[in-house]
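Engineer: Need the 3D shape of this:
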Amino acid sequence: MTKLHWQALSTAQLSALLNQNALVSSSEVDGATIYHLQGERAQGDEQIAVALPNGRVIVVGPAPNDAPRRRRIEVSN
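Structural biologist: Numbers count the residues shown, from 1 in each chain. You can find the predicted model right below:
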């Protein structure tokens, strides 16, 4: 299963995010606006951005895969 990553953004950062990605759909629910975005990058990652009525923005998408995942193996002597 894909790990998710979320972050809080300003409205100015949301504006930049909307300019950098393709808008798949948007909807307004109880004063909050929800954006479904498709990345223009080679990976084309999808993201969900939620602009809350109080001016805060939360973006949820797949976690970056920068570092290799490693698990700890206990060695017993």
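Engineer: Determine the three-state secondary structure at P64.
Structural biologist: Following DSSP: H, G, I helix; E, B strand; the rest coil, the label given to P64 is coil.
Engineer: OK, contacts around it?
Structural biologist: P64 is in contact with H5, counting by Cβ atoms under 8 Å, 6 or more residues apart in numbering. C-beta: built from backbone N, CA, C; applies to glycine.
Engineer: Now do it, the pLDDT please.
Structural biologist: We have a pLDDT of 75 for P64.
Engineer: same question, Q43
Structural biologist: 60.
Engineer: ok, and the closest non-adjacent residue to Q47?
Structural biologist: G61 (3.7 Å; Cβ to Cβ, 6 or more residues apart in numbering).
Engineer: who does that neighbour bridge with?
Structural biologist: H5 (DSSP bridges).
Engineer: same check, this time on Q38
Structural biologist: Residues in beta-bridge contact with Q38 (DSSP bridges): A22, E46.
Engineer: Relative to V50, how far out is L9?
Structural biologist: For L9, the distance to V50 equals 10 Å [Cβ to Cβ, to the nearest Å].
Engineer: Overlap of the contact sets of those two?
Structural biologist: Counting by Cβ under 8 Å, 6+ apart, the residues touching both L9 and V50 are 57-59.
Engineer: mind giving me CSV with these and columns for neighbour count and pLDDT?
Structural biologist: Formatted as CSV, the shared contacts of L9 and V50 follow (neighbours: other Cβ atoms under 10 Å; pLDDT from 0 to 100):
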residue, neighbour count, pLDDT
V57, 21, 96
I58, 15, 97
V59, 19, 96
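Engineer: which one of these is nearest G39?
Structural biologist: For the shared contacts of L9 and V50, the closest approach to G39 (Cβ to Cβ) belongs to V59, at 11.7 Å.
Engineer: This completes my enquiry, with thanks.
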